[in-house]
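Enquirer: What follows is a protein structure lacking sequence information:
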């Protein structure tokens, strides 16, 4: 009730004050032009405010088709296959075979002495097959100063030994081939720190 009363009193005061003023205000042409410009700006502002805002378009449930890539390189030429040879290749070195239990070729005796001042692991291998096609390797350990007798196929041999001792080394025949082809002889071979040769 008090608010309504204050509102009515305020309205009456405003009317009374405005009635006391001059009857006709003085307006010049500049004021009319400025008022027209202000009214135009108000109209433009209200027009811009009334335009709808841009909203995002929700995606549709149907996806767009994906682009298909075409190859840029020509296809590779087809190379014809080559028939494999029918001959069976050997799977192991022909002169790296284990000695057979019953050799077909002639046998001889090889006596090996260790003078290397260390433990020896010796391998003697045939250089070429004998007349029966046998081509084997013989391996044996030798203690320090030890002697071993090997019953071996008659033929030419290379030798290689690991020498274990204070200073380990390798003994080998190198360019020398030990040919032991006479079954009636006993061949004497000596192993040192670096060589394997006849005694």
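Expert: Noted; the coordinates are in hand. Model, not experiment: these values are computed from the prediction.
Enquirer: Which stretches in this structure count as strands?
Expert: In the chain, strands defined by DSSP state E lie at 107-114, 119-126, 137-142, 147-153, 155-164, 169-172, 178-180, 186-191, 196-198, listed in chain order.
Enquirer: Please convert those to TSV, extending it with distance to residue 94, mean neighbour count and mean pLDDT.
Expert: To be clear about C-beta, it is placed using only N, CA and C from the backbone, and glycine gets the same treatment. Listed next are the strands of the chain as TSV, based on distance: least, CB to CB, whole Å; neighbours: other CB atoms under 10 Å; pLDDT from 0 to 100:
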stretch	distance to residue 94	mean neighbour count	mean pLDDT
strand 107-114	20	18	96
strand 119-126	10	20	94
strand 137-142	12	17	94
strand 147-153	14	16	95
strand 155-164	13	20	94
strand 169-172	21	16	93
strand 178-180	19	17	95
strand 186-191	24	18	96
strand 196-198	22	17	94
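Enquirer: Out of these, which gets nearest to residue 34?
Expert: strand 169-172 (114.1 Å; CB to CB).
Enquirer: Quick one: list the elements packing against that closest one.
Expert: Packing partners of strand 169-172 (3 or more CB pairs under 8 Å, 6 or more residues apart in numbering; DSSP states H and E): strand 155-164.
Enquirer: What are the contacting residues of the strand it packs on?
Expert: 105, 116, 118-128, 130, 135, 168-173, 177-181, 189, 191, 193, 196 (CB atoms under 8 Å, 6 or more residues apart in numbering).
Enquirer: Export the strands of the chain to CSV and append columns for distance to residue 97.
Expert: CSV is the format used below for the strands of the chain (distance: least, CB to CB, whole Å):
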stretch, distance to residue 97
strand 107-114, 16
strand 119-126, 9
strand 137-142, 7
strand 147-153, 11
strand 155-164, 13
strand 169-172, 21
strand 178-180, 18
strand 186-191, 21
strand 196-198, 21
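Enquirer: Quick check, residue 138 in contact with residue 151.
Expert: No. Contact criterion CB atoms under 8 Å: residue 138 and residue 151 do not qualify, at 9.3 Å.
Enquirer: quick check: mean pLDDT across stretch 30-46?
Expert: The average pLDDT for stretch 30-46 rounds to 73.
Enquirer: Any buried residues in it, and which?
Expert: Residues of stretch 30-46 classed as buried: none (neighbour count, 16 or more other CB atoms under 10 Å).
Enquirer: switch to numbering from 48
Expert: New numbering, starting at 48: the last item is stretch 77-93.
Enquirer: since we're on residue 183, how many residues are nearby?
Expert: Residue 183 has 21 neighbours, counted by other CB atoms under 10 Å.
Enquirer: Nearest residue to it in space, please, no chain neighbours.
Expert: residue 146 (4.4 Å; CB to CB, 6 or more residues apart in numbering).
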